[in-house]
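>>> no FASTA, just this:
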Ligand SMILES: Cc1ncc(C[n+]2csc(CCOP(=O)(O)OP(=O)(O)O)c2C)c(N)n1
Ligand SMILES: Cc1ncc(C[n+]2csc(CCOP(=O)(O)OP(=O)(O)O)c2C)c(N)n1
Ligand SMILES: [Mg+2]
Ligand SMILES: [Mg+2]
């Protein structure tokens, strides 16, 4: 079976949707040279009417995409840096995502926003290394952050086909992840459906994005010590609360591994919902970035601000003991 | 003792800081006519060099304030509508709040952002009724949302004197709240210091912003049934975790009343932190807006999307029983 | 401008909007319109003149001061008023309200609450329709003088100009953004902003509907024939406050004399002079009768069911979690 | 322009920056600069010419392509290089890096990562200094051709023009924003954008430092004497890729011929022609010696202590909660 990388999975999903549906088109910066490689080869194949090179005008082109979507298109907007999603935060959360409700259902706004570079970039400065997905979840925007090539493919397809705005976060740290894949078996993956990468009995580790791979490594390392279930929500909004509840029904113990800032992050939401509504026999734990973390100065400073496997090992031991 | 309204408390705090410190100045829209009344009488008193009328240029004037702050001023920026804070979200969270760290401590950015209109406005449309404070907490921006005139006074003074960016949310629903106040006893109130409005033994109700008044009313109504401690964090970032822990040390039961959207909101953060680190003898509960709530259509639709006293009563009974 | 529009029809539209707005102010006072309204009284000729050059298929993006645009574009007045009253029979089922309505049946796509942001939304629509099975449609984006200081609007100008999109940008310069006088907000000029992007831009009398119509017709024709965007700045004036709250808060940002001066060029009077008195009388009476029905329909329509508060949020019927846990 | 700056001094600055940048590219390859860099090679005359008209007290806002601006403004080169290498001896103690440095000791206030947003920050600084105890200072805001399509930049123009602030806006039009050619991004022109706000705007040769200096001197003089903002668009070109990543990813957005054509107007050569050969040789040798020390200082300086990762976040020493609970 061929090895499919996460980046190539995005390219494949997007290309197939472009082939399938002529209303799909892509816009963003440095499109003509496919700088992020998500659209590698597309300009030649689809031409400049479907691969739109945009000026450095993020708010303008986000609004442009909203308009195109209301006019029947399915724009896919690429953002090269996570903070650009903060720059257009109002246009996505307060405009595109609200227009359907405000029109009483007359229109919908099927835009997909893709950031194939979520998270840390060493030394690019504190303005370039954020993980803003929790805030899109807060504002009720459909938000996905898949961990594997297969899920990236399936969720990008679903995001594009979805009739509402969807933000797709691809962590920088997953872009090179590869997976054996039978292309014929690639499928769309529904929003709000988590995935148990590894079943276990003692503790549920919910890991988000690239941290799924860390969780799996730790689960393997600790297999002599504990049976760890690794739960990957894949979409943070909507979230697979039923899936989490049934995992906790079995394990009763929860550790969350989340690269968000701590306060009001997705990690906190998972812990809160579990504490409120689900079976827990020990206090839950989460491992996150610090409150309001500013990551992106010198590498030495940055690594200590992001969740580590050592922290996960310690937290698992802790919840197993209590 | 004179009755001080919340709105007048803002006016008083700001005026006193303008008197005390010539580097304080105010900028915003409709300043010359003090449309929100926060700056009522100021143009006449301080003149147009300290009360700056701004064009409809929120990002521009937010950046302008950042520059002025780096040059030694203490700008107070008024936003008439909560969504305007989403429009300038990047400029506050990714620029003003990060410049100190990025300069290695060479500069600081003492700007205060005041929104005296947080929350619901009946029928103004879904774009005008948000409560974005949780997202500023997520991004590590100092954020306050006082409930009473005295606290509004004290926290606005502190926000202005603070050397970092501080976002001040004044809920629409508190603007008319009045309190007997001895002016001579008004004091700055530190960030990160909660307030127990009413001590109690059975359950801690954490209420945010205008909901503090609902919590107090419910505590009074239920006094025959339960001894409710009403804890008002006043600042959501930094948060008074020690204060909350010591309240829960006594009560062991927690209900949170928070007008944020549910997912990744402040209510969830409080529940998560309590579940992880504090004494709880029963599962905690929170009452919030729904996930990603869109409030502001017809009044009939809106009232059911905001936390109610009835929900609080039910939640208190529930945690007392479990 | 395909077929000529008789002066009477333009008069009737202006009269209708004028009286619609006056009645809506009454309905605010009566508590039927919870939001209050931003009346367009004094500015009617712009919406009417502009929309008189458009076909049904042409698309309009409006603003917070949009009632006139909607009525001029052909929305059902009863359903517009019902919308303003927050009724389920409204064009947006009571979810858009007075401030931010849309009506796809009349091709009014949007009236975003974020001032100035409709400009780039319009560009996106225009780009799409120009490449659709039914090209030749034109998009009109209305905004005020306040909007031109919003950077996002200028980003939209750049996109529309780069790709020569079929958009007509209509700036209703009514001299104030809430209380802010345009000359203290706008360095340079409004038309120079358009010109900076190579967009043909002109300032036009907004009080004479026939002048508005002629200027717009040329811009629409240019857009329709692939000649790209235009910017029309219409000189106009609102007689009422920014919003009905000004009926209580008496703000002194303009003089009575200034208002009186503008009223001497009243768009209704200007057009009335072109219509025989007896025809006008008949029209005026018709308008009142129609508005009686409009108001009766609106006020008599049911309010939304609170159980439907989260209806229409998502296309796939996704229901967000409630604000309390189901087990709580 | 108060006292004349000898041609040699300008030559020396350009030479210094050219070689500083070349060495920084080497340090990227050597793994000492983790971020990579955006070299300004080819554009040195702009930073040098502009800053040669400024006093120490004048203020500069730079950009991601800022090394040349900083060195021209008088920052200590060793501490700039140390910053790029993420060392605690850097101008920002390793927290700003190559992309977003500031150095208040030389009055370089900022280089925000959000392209175009320095424009309004500069306006705020200029407004403040004009009203301070030490007025008469001028603020220079550098940005690229890519920045002029960012609405927030145009919002800044409006503010600076409205209040006639002492800012000189310097646009280094190096023809590309990353891979994007300016003519496909900018409808109309760059200077027309300034003119739309009533800002005196002109396009000037950016390769001849004496030309840059003369044009800037006039704008600085205007700003200093209360005449308000100016926009200078300098025609220039970068020889290297946008960022050192282009050394690996060979992008074909421009031709070798185009690069060669620009190199025929090399700012270093142009200025070299005005300096006697023997003087140049002495200067060049000095520069190399000084750069040896710069690199040795930077590479020899300690890296930050991970325990200090959250240092400098808040003014009051507030320490954010860690990513794991202390009891976890
Ligand atoms: C970006 C933004 N800033 C501020 C507001 C608040 N606001 C609503 S209408 C308005 C005035 C708009 O003035 P103008 O564009 O001239 O239109 P007019 O009201 O005169 O028709 C303001 C400031 C908003 N809705 N959006
Ligand atoms: C608002 C924003 N959009 C995009 C980026 C990513 N980005 C960084 S530099 C750059 C190109 C800037 O081009 P230009 O302004 O011409 O400056 P140059 O690199 O040519 O010096 C881009 C797109 C950013 N940092 N900020
Ligand atoms: Mg106006
Ligand atoms: Mg450039």
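Structure's in. What do you need? Owing to the predicted nature of the structure, the values given are computational and were not obtained by experimental measurement. Ligands and ions are numbered 1, 2, ... in the order given.
>>> residues from chain C in reach of ligand 3?
C:144-145, C:174, C:177 (CB under 5 Å from the ion). (C-beta placed from N, C-alpha, C; glycine too.)
>>> Show residues contacting the stretch of helix or strand residue C:60 belongs to.
Using DSSP states H and E, residue C:60 sits within strand C:59-61. Counting by CB atoms under 8 Å, 6 or more residues apart in numbering or on different chains, the neighbours of strand C:59-61 from elsewhere in the structure are A:71, C:51, C:54, C:69-70, C:73, C:106-112, C:118, C:121-122, C:125, C:129, C:137-142.
>>> Quick check: what element follows that strand along the chain?
Past strand C:59-61, further along toward the C-terminus, the next helix or strand under DSSP H and E is helix C:67-73.
>>> circling back: direction included, what does the strand holding residue C:60 pair against?
Taking DSSP bridges as the criterion, strand C:59-61 forms sheet pairs with strand C:108-110 (parallel), strand C:139-144 (parallel).
>>> Enumerate every residue touching residue C:231.
C:157, C:169, C:171, C:190-191, C:193-194, C:199-202.
>>> Secondary structure for those - can I get that in JSON lines?
What follows is the contacts of residue C:231, written out as JSON lines (DSSP: H, G, I helix; E, B strand; the rest coil):
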{"residue": "C:157", "secondary structure": "helix"}
{"residue": "C:169", "secondary structure": "strand"}
{"residue": "C:171", "secondary structure": "strand"}
{"residue": "C:190", "secondary structure": "helix"}
{"residue": "C:191", "secondary structure": "helix"}
{"residue": "C:193", "secondary structure": "helix"}
{"residue": "C:194", "secondary structure": "helix"}
{"residue": "C:199", "secondary structure": "coil"}
{"residue": "C:200", "secondary structure": "coil"}
{"residue": "C:201", "secondary structure": "strand"}
{"residue": "C:202", "secondary structure": "strand"}
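>>> Throw together a PyMOL command that grabs the buried residues out of these.
In PyMOL syntax, the buried subset of the contacts of residue C:231 is picked out as below (16 or more other CB atoms under 10 Å in any protein chain shown):
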select buried, chain C and resi 157+169+171+190+191+193+194+199+200+201
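>>> Please work out which of the strands paired with strand C:59-61 is packed deepest.
Relative to the other members of these, strand C:139-144 carries the highest mean neighbour count by mean count of other CB atoms under 10 Å in any protein chain shown, namely a mean of 29.
>>> Wondering if it reaches ligand 1 at all.
Yes. Taking CB under 6 Å from any ligand atom as the criterion, strand C:139-144 and ligand 1 are in contact, through C:143-144.
>>> Show the average pLDDT along that strand.
Strand C:139-144 carries an average pLDDT of 98.
>>> Give me the distance from that strand to the chain's centre.
How far strand C:139-144 lies from its chain's middle: 8 Å, per CA atoms, centre = their mean, to the nearest Å.
>>> Would you mark the buried spots in stretch C:165-179?
C:165-179.
>>> And that stretch, end to end?
End-to-end distance for stretch C:165-179: 33 Å, by CA to CA, to the nearest Å.
>>> is that stretch up against chain D anywhere?
No. Using CB under 8 Å from any CB of the partner chain, no contact is recorded between stretch C:165-179 and chain D, whose separation bottoms out at 10.8 Å.
>>> wait, residue A:102 sits on residue B:126?
Yes. In this structure, residue A:102 is within contact of residue B:126 by CB atoms under 8 Å, at 5.4 Å.
>>> overlap in contacts of these two?
Shared contacts of residue A:102 and residue B:126, defined by CB under 8 Å, 6+ apart, are found at B:294, B:297, C:95, C:100.
>>> Please tell me which one of these counts the most neighbours.
Counting neighbours by other CB atoms under 10 Å in any protein chain shown, residue C:95 leads those with 34 neighbours.
>>> Relative to ligand 4, which of the contacts of residue C:231 is nearest.
residue C:157 (20.7 Å; CB to the ion).
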